[in-house]
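> could you look at this predicted model? Sequence included:
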Amino acid sequence: MDHMKLYKREKYLKKIRGFYHDTDIIKVISGVRRCGKSCLMQMIADELTAEGIPEENICFYNLDKYGYKSIRTADDLEKLLFHKSYPSGTKYIFIDEIQNVDGFETVINELREEGEYSIFITGSNSYLLSGELVTKLTGRYVEFEIFTLTFDEYVGMKKMYGKPVSERMEEELDSYILEGGFPRAVQYDSLDDKRTYVKSVIDEIFEKDIKRRVQIRHKDTFNKVQTFILNNFGATMSLSNILDELKKENVNIKRDTLNRYIQVLLDAKIIYECRRFDLKSKKAIRGEQKYYLSDLSFYFINNVDNRINYGPVLENIVYQYARSLNYDVSIGRIGSFECDFIVRDNMMNYAYLQVAMTIMNSRDTEDWEYRPLESIKDNYPKYVLTRNDPIQRRNGIIHMNIPKLIINEQRFA
C-alpha cells in the first residue's frame, strides 16, 4: 500500500486510539465496501510503528486478496493464525473482510483469550455483527462504523491529491453531491470515470455481500426494489406505500419478500434506516421511516440527470455527517410538527436539526423551518441548516450553512 498517499481520517482514528493496545477488546471496523476500512487499518499500523512497535509484531491478513481466498472455514483460519511463530510482546493482528470465513468468531475468541493479541477486524456487512459474534463475544468487542468521505474529508482529500478546490464552498458541495464520497473516486478526474467506478462497487457488493449470503431468486425484482428505494431516499416510507408504488410499476411482490429485500440492502450497508422518534413519549414510532444512502453516488449512477434535488440530498449529507460523529439520528415528531432530525450523543445530550436548501424564498418558507423548533420547549440546541444563505437570527436558533458547519467539524450537542 502506498503510505505516501493515505489521507488521514482523524475523526475515526481518534475514536479508536484508546483501544490500540487493548488485548481484551476486539476492534470491529465496519462500513460499506470501499469506504476506506483497509486504509484505516494501515493508518493504525503506521501509528503503531511510529510509537516504536516492531514491524514483525504487526500482521495483516486481507481475506479478500489473492493468497488468502482459500481461507473459508474456522479450521483454515485457525491454521493461518496459530501455526505461525510470533515474536514476544503484544502482537497486533489486522484481518480484513473476516465475514468470508464461516465460524470465525470461535477462532477470534481463542486468539483473544491468549491475552497477547490486539485484534482488529473489518467487514462490509451487518452479518458481521449479527448472531454468532454478538453471543460469543458479548462485551468483548467495540464496533467503529466508518462512512464514505464526509464533505470535510472530501475537500481535504482533494487538496492532498492536488485536485482543484473551488473558493466557493457551495460549489464544492455541489461537486461532492454529484461525485459522492468514495475515497477512490476522488482520484479520478472525469465524472464519467467516477460513476463507472461506483457502478463497479455496487456490482461488487451484490456479488460479495449479497449473493454469498442470501438466496435472491428474482434478481430483476430485487433490482427494481433497490432502484425504487435508492430513487426515493429521504422520503417517508412504510412497507404498504412501497408495495403500492411498486404495483404501479407492475412489480408484484409479497410484503415478506419486500421486507427481506430491504433488510438485505440495510445489511449490505447500501442504505441506512432513520426511524421516527416521538418527542413527547420519547419512543421510536415503528412502521414509518426514511432511508438514506451510504453514499449519494448510488443515486446518481441510477439517474443520468445531474439536476440536484437539494431537499433529500442535503438531509443525506447531514445525516451521514452526524452519524460519522457518533450521534444517534432519528426523524422527530413534536406534536403536529415534524423536525428533520433529532440527534443524540453518548451522554444523552440532544440537538434538533432542520435542513433546507434555503429559507430566503419567502417568510412562509422561513416559518416552515423555524416553527417546529420554536415549539420545542427544552433547552437543547436547535439548528436550521441551509446550503448558502445569509445567516439569520431568530429566537436563539442557530442558523448555519452546511458546507461551513462540516468544514469546521462542528458538533451539534
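Happy to help now that I have it.

> how about the helices of the stretch 301-413 of the chain, start to end?
Under the criterion DSSP state H, counting those that start in this stretch, helices of the stretch 301-413 of the chain are mapped to 310-324, 363-374, 402-407.

> just those: most buried one?
helix 310-324 (a mean of 22; mean count of other Cβ atoms under 10 Å). For glycine as for every other residue, the C-beta is placed from the backbone atoms N, C-alpha and C.

> for it, give the mean pLDDT please.
Averaged across helix 310-324, pLDDT comes to 98.

> mind listing the helices for the stretch 101-250 of the chain?
Using DSSP H, counting those that start in this stretch, helices in the stretch 101-250 of the chain cover 104-113, 132-136, 151-160, 169-179, 183-186, 191-204, 219-231, 239-248.

> who wins for proximity to Gln410 among the ones you listed?
helix 151-160 (9.9 Å; Cβ to Cβ).

> okay, now the domains of the chain?
Taking automatic domain parsing as the reference, the chain has its domains at 3-145, 151-272+288-305.

> tell me where the model's unsure across the stretch 51-200 of the chain.
Along the stretch 51-200 of the chain, segments meeting pLDDT under 70 span 130-133.

> and the strands in this protein?
Assigned by DSSP state E, the strands in the chain fall at 26-30, 58-62, 91-96, 117-123, 141-145, 236-237, 271-278, 283-293, 328-334, 337-344, 350-355, 382-386, 398-401.

> related to what we said a few turns ago, redo the helices of the stretch 301-413 of the chain as CSV? Include distance to Asn252.
Shown next, in CSV, are the helices of the stretch 301-413 of the chain (distance: least, Cβ to Cβ, whole Å):
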stretch, distance to Asn252
helix 310-324, 27
helix 363-374, 38
helix 402-407, 40
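
> out of those helices, flag the one nearest Lys282.
That would be helix 363-374 among the helices of the stretch 301-413 of the chain, by Cβ to Cβ, at 17.0 Å.

> quick one: average confidence on that closest one?
95.

> how far does that helix sit from the chain's center?
30 Å (Cα atoms, centre = their mean, to the nearest Å).

> repeat for stretch 345-363
20 Å.

> for that stretch, measure first residue to last.
33 Å (Cα to Cα, to the nearest Å).

> out of the domains of the chain, the one nearest Thr358 is which?
Proximity to Thr358, assessed across the domains of the chain by Cβ to Cβ, is greatest for domain 151-272+288-305 (10.8 Å).

> so how far is the first residue of the closest one from its last?
End residues of domain 151-272+288-305 are separated by 22 Å (Cα to Cα).

> give me the distance between that domain and the centre of its chain.
Worked out by Cα atoms, centre = their mean, domain 151-272+288-305 lies 12 Å from the chain centre.

> for stretch 301-320, same thing?
16 Å.

> in space, what's closest to the residue nearest in space to the middle of the chain - neighbours in sequence excluded?
The centroid of the chain falls nearest to Phe147 when counting by Cα atoms, centre = their mean (3.4 Å). Leaving aside its chain neighbours, Phe147 sits nearest to Ser324 (4.9 Å; criterion: Cβ to Cβ, 6 or more residues apart in numbering).

> distance check, that neighbour against Ile407.
Using Cβ to Cβ, to the nearest Å, one gets 14 Å for the distance from Ser324 to Ile407.
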